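1. Sequence first, predicted model second:
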Amino acid sequence: QKEVEQNSGPLSVPEGAIASLNCTYSDRGSQSFFWYRQYSGKSPELIMSIYSNGDKEDGRFTAQLNKASQYVSLLIRDSQPSDSATYLCAVKPGGYQKVTFGTGTKLQVIP
Amino acid sequence: DAGVTQSPTHLIKTRGQQVTLRCSPKSGHDTVSWYQQALGQGPQFIFQYYEEEERQRGNFPDRFSGHQFPNYSSELNVNALLLGDSALYLCASSGTGPEAFFGQGTRLTVV
C-alpha cells in the first residue's frame, strides 16, 4: 500500500464548475496535510495546509480533512483554465519528519 | 524577501560523472530537504539537513550525499551518475512551522 494515494487522472471539469481532488494516506500518526499545485515543467507551489479535522477555506480553495477515514480532499470552486495543473497531496507526521507526496492528480479545466 | 533559490536550473551530464546542485533556503528558514521527481511521479524524499547535519534520509543510495553550510544553504552531490538519475531535483526549505516551500528545481539530464 502506498503511503499517500491519489487518482492520477486526468480529471476534466468545465470552466466555472467545482473540481474535487481526493487523497488517502496510510500513516495514522500524520499531523500535517498539504496541497501543492504543480504546473508542467515547474516546481510545486504550496496552496493549502490543514492540520485539524474539518474544512479550511482560502478563496476559491477548500481543504477537507477526516483523520478517522485517513482522507484529505481539495475543492476548487469556479474552476478556471489557469487551474489546470497537477495537484500533489502531501502528508507529514509530527516534528521534523519528512513530507511524503502522492503521485498527483492532473486537473484539466475545459473553457 | 527572496524565496528558495536553486542553481543551476538545467544541467546535462554524462553517465559516470559527478554533479553538485545548490540551494539557498527562504530567509528565516534553517532546514533544507532535497527531493527527486521523475516524470509523472511525486517528489521522492532524498534527505534533510538541519544544523549542518543530515537529520533524515530516504531510500537513496550512498551515491547521493549532501552538505549544509553555516548560512543554511545546502548542496546535493550525486556521484557515478546513471541514466535513471535524470529527474527534476527539488530543494524545499522550512523553519519552525510544518510548511515547506520549494525552489524552482534543477532539471538534470544524464546522457
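-> Sure, I can see it.
2. Not counting sequence-adjacent ones, nearest residue to the residue of chain B at minimum distance from chain A?
-> Closest residue of chain B to chain A, CB to the nearest CB: B:Gly42 (3.6 Å). No exception for glycine: its C-beta is placed from N, CA and C like everyone else's. In space, and not counting its chain neighbours, B:Gly42 is closest to A:Phe101: 3.6 Å by CB to CB, 6 or more residues apart in numbering or on different chains.
3. need the contact list for the one you found.
-> The contact partners of A:Phe101, by CB atoms under 8 Å, 6 or more residues apart in numbering or on different chains, come to A:Val4, A:Tyr36, A:Leu88, A:Cys89, A:Ala90, B:Tyr35, B:Gly42, B:Pro43, B:Gln44.
4. which residues are contacting the helix or strand hosting the fourth one?
-> Here A:Cys89 sits within strand A:85-92, counting by DSSP states H and E. Here strand A:85-92 makes contact (CB under 8 Å, 6+ apart) with A:3-4, A:6, A:21, A:23, A:25, A:27, A:30-40, A:44, A:72, A:74, A:98-102, A:104-107, B:42-43, B:98.
5. Quick check: neighbours of the next helix or strand after that strand in the sheet, parallel or antiparallel?
-> Going down the chain from strand A:85-92, the next helix or strand is strand A:100-101, by DSSP H and E. Strands that pair with strand A:100-101, judged by DSSP bridges, come out as strand A:85-92 (antiparallel).
6. Let me see the mean pLDDT of the strand it pairs with.
-> Taken as a whole, strand A:85-92 carries a mean pLDDT of 97.
7. Just want the phi and psi numbers for the nearest residue to A:Phe61 once chain neighbours are set aside.
-> In space, A:Phe61 comes closest to A:Met48 once its chain neighbours are excluded; the distance is 5.5 Å by CB to CB, 6+ apart. Main-chain torsions, A:Met48, degrees, to the nearest 10: phi -150, psi 150.
8. surely A:Met48 meets A:Leu65?
-> No. Taking contacts as CB atoms under 8 Å, A:Met48 lies outside contact range of A:Leu65: 10.3 Å.
9. and the most centrally placed residue in chain B, bridged to which residues?
-> Nearest to the mean C-alpha position of chain B, by CA atoms, centre = their mean, lies B:Trp34 at 3.4 Å. Listed beta-bridge partners, B:Trp34: B:Phe47, B:Cys91 (assigned using DSSP bridges).
10. May I have the residues that are in contact with it?
-> Counting by CB under 8 Å, 6+ apart, B:Trp34 touches B:Cys23, B:Phe45, B:Ile46, B:Phe47, B:Gln48, B:Gly66, B:Ser74, B:Leu76, B:Tyr89, B:Leu90, B:Cys91, B:Ala92.
11. Give the burial count for A:Asp55, as a bare number.
-> 11 (other CB atoms under 10 Å in any protein chain shown).
12. do the one 4 residues further on as well
-> Neighbour count for A:Gly59, taken as other CB under 10 Å: 10.
13. ok, which stretches of the chain are strands?
-> Went with chain A since none was named. For chain A, applying DSSP state E gives strands covering A:4-5, A:11-14, A:19-25, A:32-38, A:45-50, A:54-58, A:61-66, A:71-76, A:85-92, A:100-101, A:105-110.
14. Not quite, go with chain B.
-> Using DSSP E, strands in chain B cover B:5-7, B:10-13, B:19-24, B:31-37, B:44-50, B:53-57, B:64-68, B:74-78, B:87-94, B:101-102, B:106-110.
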